[in-house]
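> Just to be clear, the model below is a prediction. Sequence and coordinates:
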Amino acid sequence: MEKVVYKYLPADNTNTFRILHLIYGILLLVFSMIGVFYAILGTFISTKMETEMSGSELDSLPFNPFNFFTIIGIVLFIWMATLGILNLFSAKYFKEKRKHQFIFINAILNIFTGVFGIILAIFTLIEINKPHVKNLFNGQEIGGGEEIE
């Protein structure tokens, strides 16, 4: 009986991760508008409260509590918009197969964005730490593969 040898090329899922980072970046940019809504809502309620309260009622408060809406909205917008832009850059770098460290750091930052970010980060970290993917990012081509029987 003849021995059959197959050539196994390691899978390159960088295109899949490029699409996932692109989608996640767009979603983060869209959801960053929630922060803008919070900031506008906080500013509107804060100014409305100041105009409708009398002097003694307004002086009894040490600060306007609705300013928290504005602050949280601004911070939320900056955080989500920044991560959305970073994910768009990661998608670009996945396509160009360069800046391995940037994608690595962005994957770690995605851990702090929720369930989809955690899942995307874990699988991204697994994928970009594979030796053949590191070789792709270093400009080397995937070799002839391993022989398996």
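Perfect, thanks for sending it. Numbering: from 1, shown residues only.
> List the residues that contact the nearest residue to Thr124 once chain neighbours are set aside.
Of all residues not flanking Thr124 in the chain, Ala107 sits nearest, at 4.1 Å (C-beta to C-beta, 6 or more residues apart in numbering). Bear in mind the C-beta positions are built from the backbone N, C-alpha and C, glycine included. By C-beta atoms under 8 Å, 6 or more residues apart in numbering, the residues touching Ala107 are Ser90, Leu120, Ala121, Thr124, Leu125, Ile128.
> Can you turn the buried part of those into a PyMOL selection?
Selecting only the buried entries of these in PyMOL, with 16 or more other C-beta atoms under 10 Å as the criterion:
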select buried, resi 90+120+121+124+128
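> ok, so of the contacts of Ala107, who is nearest Leu20?
Leu120 (5.9 Å; C-beta to C-beta).
> dump the residue contacts of that closest one.
Contacts of Leu120 (C-beta under 8 Å, 6+ apart): Leu20, His21, Tyr24, Ala107, Asn110.
> In terms of helices and strands, where is the last one?
Per DSSP states H and E, Asn110 falls inside helix 100-110.
> ok, now the second one?
Secondary-structure assignment from DSSP H and E places His21 in helix 14-31.
> got the buried residues for the helix or strand following that helix?
Per DSSP H and E, the first helix or strand lying C-terminal to helix 14-31 is helix 33-52. Buried residues in helix 33-52, defined by neighbour count with 16+ other C-beta under 10 Å: Gly35, Tyr38, Ala39, Gly42, Thr43, Ile45, Ser46.
> I'd say the last one and Phe63 touch.
No: taking contacts as C-beta atoms under 8 Å, Ser46 lies outside contact range of Phe63: 10.1 Å.
> OK, contacts around the nearest residue to Thr43 once chain neighbours are set aside?
Closest residue to Thr43 apart from its sequence neighbours, by C-beta to C-beta, 6+ apart: Thr70 at 5.3 Å. Neighbour list for Thr70: Tyr38, Ala39, Gly42, Thr43, Ser46 [criterion: C-beta under 8 Å, 6+ apart].
> Go ahead and confirm Leu41 touches Phe69.
Yes: using C-beta under 8 Å, Leu41 is in contact with Phe69, at 5.7 Å.
> low-confidence ranges in this structure?
Along the chain, the parts satisfying pLDDT under 70 run over 1-11, 53-61, 140-149.
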